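Colleague: Return atomic coordinates for the entry below.
(one chain, ligands or ions: 3)
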Amino acid sequence: MPTMPIEKYRAFQQIDLPNRTWPSKTITKAPLWCSVDLRDGNQALIEPMGHERKLRMFRALVAMGFKEIEVGFPSASQTDFDFTRFLIEEGEIPDGVTIQVLTQAREELITRTFESIKGAKRAVVHLYNSTSTLQRRVVFGLDREGIKDIAVQGTKVVKRLVSTVPETEIVLEYSPESFTGTELDFAKDVCEAVMDVWQPTASKPMIINLPATVEMATPNIYADQIEWFARNVKWRERYLLSLHPHNDRGTGVAAAELGVMAGADRVEGTLFGNGERTGNVDVVNLALNMFTQGVDPELVIDDIDELRRTAEYCNQLPVHPRHPYAGDLVFTAFSGSHQDAIKKGFAARRSQNDVVWEVPYLPIDPEDLGRSYEAVIRVNSQSGKGGVAYLLEEDYGLHLPRKLQIEFSRVVQNFTDTTGKEVSAKDLFDMFRKEYLEARYPLEFVDHVTLPDSHATEKRTMTSHVKLYGSSKEVHGHGTGPIDAFCDSLAKELGIALEVVDYSQHAVGKGADAEAVTYVEMKGSGTATLFGVGRDRNVTVASLKAVASAANRLHAQAAGASVAAK
Ligand SMILES: CC(=O)SCCNC(=O)CCNC(=O)[C@H](O)C(C)(C)COP(=O)(O)OP(=O)(O)OC[C@H]1O[C@@H](n2cnc3c(N)ncnc32)[C@H](O)[C@@H]1OP(=O)(O)O
Ligand SMILES: CC(C)C(=O)C(=O)O
Ligand SMILES: [Mg+2]
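Modeller: Ligands and ions are numbered 1, 2, ... in the order given. Sure thing, here's the model as predicted:
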């Protein structure tokens, strides 16, 4: 017994194209892009764009470098008509940019459409009628000839009206709407009939747009349909073959890519895939896919966050946090092993000065899209030491030794496991500060004086002022350096036995603001070691503070708590 009522559905029929060539093609050049945000995207919105939102979107599309922009369906709404007039009358359309307007193949609608484009230098008049078996039967109640006639009559009207806009160069675009549900021989028949009326030439080609109005099959089938069409429909050099994929099966981008491999010249789509139902094909996704293959996408997408804000404002719809390239979380790694690999990838790039982008788990350099690395690594309970260390390094300039990374990540893990929450870089630094830099109880280092030794040996005597359980004390120690001497004084005068196992130091900041950070790994009376960290403008003071930090942490550990947990 099937789990679902499969008897209600039929498999899409394969296309008979045994010698298909598209599977071995590579995309080496960007197609002509046409944005349909202001029409197809707009018609799918809960609240269609008004003038102000349309203009903001139009300007963003122009700034990106779109050369063709479908600005509306002027015969359908006064807003779209007025907007088209506004663009023309206010000189908003830069040279090299062509507006496109959609119309059904109905005379009164085409006439109104022509009224909307008067005065434009160039305009694509996009004529459509549905040709699929289903729509022929249930929507139009017409046979093939009847449907072809709608297309032919519509084209004749367009041709006749060209003389009403003498200052405008008209390009005809014809869409056999619901192409993917149309028999290929019939799509050919209709499109050739339209071409017979329009008489395109190689120097003045028309556009034939083959929409996956509804995505009905796997993307290879769409590619087969496109290749079949390009090979079998006459006058290939007299028309630009355009794709208009929708995303019903979630494969709109794949369909467009395979369609381009199959010979398409042009792609219609929207920013971030807004559009009817599951959307139109996402042109940003497509363009950036090309970019990651070293192909010039011929669209500027260097501030993807701003572009996303524009789309979200105009469409009044959010872009999903995991949306390819654009989502808030797509350049973010929470998981420990990914963070570790990304951190190493960045370090390798820095040391090798590589031109070619190769960082594990990051298919594109976020900086190319105007996104910073800051958000790349984020820390929650799934994260490891690498992510924690990365954030402290990137945001606070702290280069934690590897063993300290492991030690501190336990403190972080304890917190994230308990709260279940993400921790920001600032949270991490606060934890680090409390755990190490502010570990001042019971021992606080106050200051020190190093005295020249009267016996001219290598050792020196150092007097330090400390507080122990809040009481000021002066202690004296002997050693080859300040750390050595300080440990000596702590052991002899306060009974705190400490041994330095490892030591490292680096500067944070530059010039007058520079500070030293010292990390000391120390051993108390037991065998386990732990770290102390000190920070100060004075290099020696930073080291002595680090020793005190370690002493306090050993004390806290002996008492069964981390300093941060107190
Ligand atoms: C796949 C796509 O995205 S196609 C674009 C769809 N976009 C839109 O429809 C948005 C704007 N549309 C509208 O505002 C309206 O549909 C209008 C103003 C264009 C037309 O409105 P109406 O005149 O009320 O007609 P409606 O849209 O209901 O169309 C239905 C009629 O047009 C016919 N029709 C539909 N599409 C076409 C077409 N492309 N060419 C010719 N006739 C068509 C239908 O067969 C139907 O005819 P009938 O009334 O004789 O049964
Ligand atoms: C008007 C046509 C091209 C359309 O939007 C579609 O078929 O999806
Ligand atoms: Mg569409």
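Colleague: The stretch 201-350 of the chain: helices as residue ranges?
Modeller: 219-232, 252-261, 283-291, 304-315, 336-352 (DSSP state H, counting those that start in this stretch).
Colleague: mind checking how far the closest residue to Gly96 other than its chain neighbours is from ligand 2?
Modeller: Sequence neighbours aside, Lys67 is the residue nearest to Gly96 in space, at 6.2 Å (criterion: CB to CB, 6 or more residues apart in numbering). To be clear about C-beta, it is placed using only N, CA and C from the backbone, and glycine gets the same treatment. When distance is defined by CB to the nearest ligand atom, to the nearest Å, Lys67 is 18 Å away from ligand 2.
Colleague: And Lys67, how far from Gly269?
Modeller: 14 Å (CB to CB, to the nearest Å).
Colleague: more neighbours, those two?
Modeller: Gly269 (32 against 16; other CB atoms under 10 Å).
Colleague: tell me the contacts of Met462?
Modeller: Residues near Met462 by CB atoms under 8 Å, 6 or more residues apart in numbering: His448, Val449, Thr450, Leu451, His476, Gly477, His478, Gly479, Pro482, Ala485, Phe486, Ser489.
Colleague: go again using 6 Å as the cut-off
Modeller: Met462 makes contacts with His448, Thr450, Gly477, Pro482, Ala485, as judged by CB atoms under 6 Å, 6 or more residues apart in numbering.
Colleague: What's the PyMOL syntax to select whichever of these are buried?
Modeller: To isolate the buried subset of the contacts of Met462 in PyMOL, counting by 16 or more other CB atoms under 10 Å, use the following:
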select buried, resi 448+477+482+485
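Colleague: Specify which member of the contacts of Met462 is nearest to ligand 2.
Modeller: The shortest approach to ligand 2 among the contacts of Met462 belongs to Pro482, at 75.9 Å (CB to the nearest ligand atom).
Colleague: phi, psi of the closest one?
Modeller: Main-chain dihedrals, Pro482, degrees, to the nearest 10: phi -60, psi -40.
Colleague: tell me which parts of the stretch 101-250 of the chain are close to ligand 2?
Modeller: Proximity of the stretch 101-250 of the chain to ligand 2 is confined to Leu102, Tyr128, Ser175, Glu177, Asn209, Pro211, Thr213, His244, His246 under the rule CB under 6 Å from any ligand atom.
Colleague: Show me the beta-bridge partners of the residue nearest to Ile208 when sequence neighbours are not counted.
Modeller: Nearest non-adjacent residue to Ile208, counting by CB to CB, 6+ apart: Tyr239, 4.6 Å away. Going by DSSP bridges, Tyr239 is paired in beta bridges with Met206.
Colleague: The spatially most central residue of the chain and ligand 2, how far apart?
Modeller: Residue closest to the average C-alpha location in the chain (CA atoms, centre = their mean): Tyr325, at 2.3 Å. Using CB to the nearest ligand atom, we find Tyr325 at a distance of 24 Å from ligand 2.
Colleague: Show me what whatever residue of the stretch 101-250 of the chain ends up closest to ligand 1 is bridged to.
Modeller: Per CB to the nearest ligand atom, Gln104 is where the stretch 101-250 of the chain lies closest to ligand 1, at 3.4 Å. Residues in a beta bridge with Gln104, per DSSP bridges, are Tyr128.
Colleague: sorry, back to before: could you list which of the contacts of Met462 also contact ligand 2?
Modeller: Okay, of the contacts of Met462, nothing touches ligand 2 (CB under 6 Å from any ligand atom).
Colleague: Of the contacts of Met462, which belong to strands?
Modeller: His448, Thr450, Gly477 (DSSP state E).
Colleague: want to throw those into CSV with pLDDT?
Modeller: Output for these, formatted as CSV (pLDDT from 0 to 100):
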residue, pLDDT
His448, 94
Thr450, 82
Gly477, 95
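Colleague: Tell me where the model's unsure across this structure.
Modeller: 373-375, 453-458, 561-566 (pLDDT under 70).
Colleague: now the strands for the stretch 1-150 of the chain?
Modeller: For the stretch 1-150 of the chain, strands defined by DSSP state E, counting those that start in this stretch occupy the ranges 32-35, 68-72, 98-104, 122-130.
Colleague: most neighbours per residue, which of those strands?
Modeller: Scoring the strands of the stretch 1-150 of the chain by mean neighbour count under mean count of other CB atoms under 10 Å gives strand 68-72 as the most buried, with a mean of 27.
Colleague: just the angle between that strand and strand 122-130, please?
Modeller: Strand 68-72 runs at 60 degrees relative to strand 122-130, counting by axes from the mean of the first three to the mean of the last three CA atoms, to 10 degrees.
Colleague: Quickly list the domain ranges of this structure.
Modeller: Domain assignment for the chain by automatic domain parsing gives 30-300+309-315, 336-437, 443-558.
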